[in-house]
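Novice: Predicted model and sequence below, questions to follow.
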Amino acid sequence: MGSRTYTGASFKDLMNDNYFPLENMQRSVDILKASPDIHVPTLEYGQYHLILTQADKWPDGSAAYWHKEKGRARVDLTTQLNTVPLSKDEPGVIPLTRCALLDACVRKCFNSEPPIPMKTNIITHAASEAYADRHEIRLEWEYDNGEDQAPTLLHLTMVCPYRP
C-alpha cells in the first residue's frame with residue numbers, strides 16, 4: 001500500500017480530528033488515559049492511532065497496513081541522528097535520533113496540561129530530493145506568548161519515501 005492512502009485528504013482529516021482543536025486533543029487524551037492498551041506517559045508515535053480511531057473507520061482499509069508502514073518510518077527515523085532540541089522552551093532536551101525526537105514531541109503534546117493540539121500532514125518525497133528513499137519528519141511548534149513559553153500547537157509533517 002505504501003504512503004498513497006496516508007497522504008490523502010480523507011486519512012489526514014480523520015487523524016487530525018483526533019488532535020485539533022484543543023477540545024478534540026483533550027478528548028483523545030481522555031480516551032488514551034482510559035485505555036488499558038497504552039501508557040500515555042511513555043507512548044510512542046504510531047501506538048495511539050488505532051486506539052483513537054477504530055480500524056473500520058480508516059479509509060481504503062489503510063488500518064490493515066498501519067503497523068507495517070509506521071514500523072518502516074520508525075526504523076528509518078531511528079537511523080537518523082538528531083541535533084535539534086525538543087522545543088524552544090526545552091532547549092536542553094535533544095533526543096539522540098529523529099525517531100526519539102518524534103516520540104518526545106507527541107509525548108509532550110499528549111502529556112502537557114492542557115494538552116498541545118497537533119496538525120499532521122503526510123507527504124511524499126519527490127524523486128529528485130536528497131534522501132528521497134527514506135522517511136523524514138518536519139516539526140514546527142507555534143508559541144502564543146513568546147518562544148520561551150510552552151508551545152500551543154505542533155505542526156507534524158511525515159515525509160514518506162518516493163516509490164515509483
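Specialist: It's in.

Novice: Was I right to think residue 8 contacts residue 59?
Specialist: Yes. At 6.7 Å, residue 8 counts as touching residue 59 under the criterion of C-beta atoms under 8 Å. Quick note: C-beta positions are derived from backbone N, CA and C, even for glycine.

Novice: name the helices or strands packed onto the helix or strand bottoming out on mean pLDDT in the chain?
Specialist: Lowest on mean pLDDT, DSSP states H and E among the helices and strands of the chain sits helix 9-19, with a mean of 91. Secondary-structure packing of helix 9-19 (3 or more C-beta pairs under 8 Å, 6 or more residues apart in numbering; DSSP states H and E): helix 22-34, strand 118-124.

Novice: JSON lines for those, including distance to residue 51, mean neighbour count and mean pLDDT?
Specialist: Output for the helices and strands packed on helix 9-19, formatted as JSON lines (distance: least, C-beta to C-beta, whole Å; neighbours: other C-beta atoms under 10 Å; pLDDT from 0 to 100):
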{"stretch": "helix 22-34", "distance to residue 51": "6", "mean neighbour count": "15", "mean pLDDT": "98"}
{"stretch": "strand 118-124", "distance to residue 51": "15", "mean neighbour count": "17", "mean pLDDT": "95"}
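
Novice: Spell out the residue ranges of the helices in this structure.
Specialist: Along the chain, the segments classed as helices by DSSP state H run 9-19, 22-34, 49-52, 66-78, 98-111.

Novice: avg pLDDT for the fourth one?
Specialist: Per-residue pLDDT values across helix 66-78 average out to 95.
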